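> build me a structure from this.
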Amino acid sequence: MGTFVNGMKECGVMMYKNGDEFSGEFKDSRRYMGVMTFKSTGDIYRGEFNEKGLFHGGGDLQSAEGDIYKGLFVNGAKEGQGQMILKDNGGTYVGDFNQDLMHGNGCFTMPDGSEYVGEFFEGVQHGDGMIITTSGTEIFGRWVNGKYQQLEYSIELEGTQPAEEEVKTEE
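Residues are numbered from 1 along each chain as shown. The predicted structure is shown next:
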């Protein structure tokens with residue numbers, strides 16, 4: 001069902017044998033921009049598609065579990081700038097993605113309000129970064145494969161307790 005121009009579907013609803021459903025605009029009778037509901041997984045995607053029917057360009061994807069991604073897609077994968085809200089742990093990531101993973105520079109806000117700002121590699125904290133605690137203390141250091149390795153230095157706000165980690169000093 002939908003609107004056809006010169007025998008080509010322009011907009012409407014497409015129902016698939018597996019129960020998936022697309023509603024939106026078509027270009028050359030292929031999905032172009034709209035809402036795709038995946039019956040098998042419960043996921044819902046709103047946004048643009050490429051000529052192969054893959055998520056491509058700006059869009060948002062909500063999983064059946066409640067996770068939400070808003071940002072860019074390239075050939076079906078989260079790629080470039082985006083925001084991911086994780087329902088299970090309440091965390092939020094804003095930053096770079098590569099092949100569906102946090103990769104590059106970003107900020108991950110934890111459920112308690114503390115933040116990690118820095119580098120990510122293949123989905124984990126990796127490289128230089130800092131933790132900003134809920135009291136405002138800034139702890140600068142290095143992470144390797146998601147694990148904190150070395151304290152570079154710490155900045156305490158007036159009236160806060162000093163960090164327990166030993167501060168590395170330059171000579």
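> what about this protein, any weak spots by pLDDT?
The chain contains residues with pLDDT under 70 at 1-9, 152-153, 157-171.
> ok, residues contacting stretch 63-72?
For stretch 63-72, contacts defined as C-beta atoms under 8 Å, 6 or more residues apart in numbering pick out 41-43, 57-62, 78-88, 97. The way it works is simple: take the backbone N, C-alpha and C, and place the C-beta from them, glycine included.
> make a ChimeraX selection of whichever of the residues you listed turn out to be buried.
Of the contacts of stretch 63-72, the buried ones go into a single ChimeraX selection, burial set by 16 or more other C-beta atoms under 10 Å:
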select :43,58,59,60,61,62,78,79,82,83,84,85,86,97
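> quick one, helices of the chain?
Taking DSSP state H as the criterion, the chain contains no helices.
> domain parsing for it?
The chain breaks down into these structural domains: 1-65, 89-171 (assignment by automatic domain parsing).
> and of those domains, who's closest to V74?
domain 1-65 (6.3 Å; C-beta to C-beta).
> for that closest one, the distance to its chain's centre please.
Relative to the chain's own centre, domain 1-65 is displaced by 21 Å; criterion: C-alpha atoms, centre = their mean, to the nearest Å.
> likewise stretch 126-137?
That offset, for stretch 126-137, works out to 20 Å (C-alpha atoms, centre = their mean).
> buried ones in that stretch?
H126, G129, M130, I131, I132, T133, T137.
> check stretch 135-149 too.
Buried residues in stretch 135-149 (16+ other C-beta under 10 Å): T137, E138, I139, F140, G141, R142, W143.
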